[in-house]
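> Requesting a structural model of the entry that follows:
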Amino acid sequence: MKKHLLFSLIGAIVIFIWQFLSYAAINFHAPASRYTPQQEEILTYFEQIGLEEGMYILGQPDPSALEGTDDMDSYMNKPWAVINYQQSMSPDMVMPMIRSLLVSFVIAFLLFWMFTQQKNPSLKNRLYLALGIGLIGFFFTPYTNFIWYKNPDIWGYLIDGIAPWMLLGYLGHRFAK
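Residues are numbered from 1 along each chain as shown. Sure, this is the predicted structure:
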């Protein structure tokens, strides 16, 4: 159990640092957080109209008034947008960082448990297992969303689904011996 907990702690740190690298230092996700000089006008407008916090897809018919596919046809080949509107930005990073570290610990704990369940615990099999988990995570949400919403940072998510998982696979093999 000591090895399991130690790997979980180290794995959590690896994941946590990877997230910092991926979203800030190297910033593979920069295409999804572009700047527009019109931001003040846009945000002021949202505030003025009383837009509630939430995520919106603009360029679609009112879902409560859908009568058929004819309604959707009027939106084809026209602009559309996905907006995630929040009414205030919080400077508090402590709780999000704590939650992220705790979730990373649980992820590493579960991965190590899977390593200990393998019938053939070779380095290759552990790397495949870790890669498989990373790719399942990538395909399940980021890539599925990309299919429909064209998230511009899809390549960043792919790198996130491979690089840290391969490192965890290698470290997990070393710990599980």
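
> How much space separates I15 from L127?
Separation of I15 from L127 (Cβ to Cβ, to the nearest Å) stands at 17 Å. Backbone N, C-alpha and C define where each C-beta goes, glycine included.

> So the two - more neighbours on which side?
I15 (23 against 18; other Cβ atoms under 10 Å).

> and the closest residue to A32 other than its chain neighbours, how many neighbours?
Closest residue to A32 apart from its sequence neighbours, by Cβ to Cβ, 6 or more residues apart in numbering: D153 at 3.8 Å. Applying other Cβ under 10 Å, we find 20 residues neighbouring D153.

> wait, doesn't F138 sit right on G161?
Yes. Counting by Cβ atoms under 8 Å, F138 touches G161, with 3.1 Å between them.

> next helix or strand past the lowest-mean-pLDDT helix or strand in the chain?
The least trusted helix or strand in the chain, going by mean pLDDT, DSSP states H and E, turns out to be helix 69-73, with a mean of 70. Moving toward the C-terminus from helix 69-73, the next helix or strand (DSSP states H and E) is strand 81-85.

> For that following strand, enumerate the helices and strands it packs against.
Helices and strands touching strand 81-85, by 3 or more Cβ pairs under 8 Å, 6 or more residues apart in numbering; DSSP states H and E, are strand 54-58.

> so what strands line up beside the strand it packs on?
Here strand 54-58 is paired, per DSSP bridges, with strand 81-85 (antiparallel).

> F140 is in contact with Y157, correct?
No. Counting by Cβ under 8 Å, Y157 stays clear of F140, with 10.9 Å between them.

> which of those two has more neighbours?
Y157 (22 against 11).

> how close does the residue nearest to that one when sequence neighbours are not counted get to A81?
In space, and not counting its chain neighbours, Y157 is closest to P142: 3.7 Å by Cβ to Cβ, 6+ apart. Distance, P142 to A81, using Cβ to Cβ: 19 Å.
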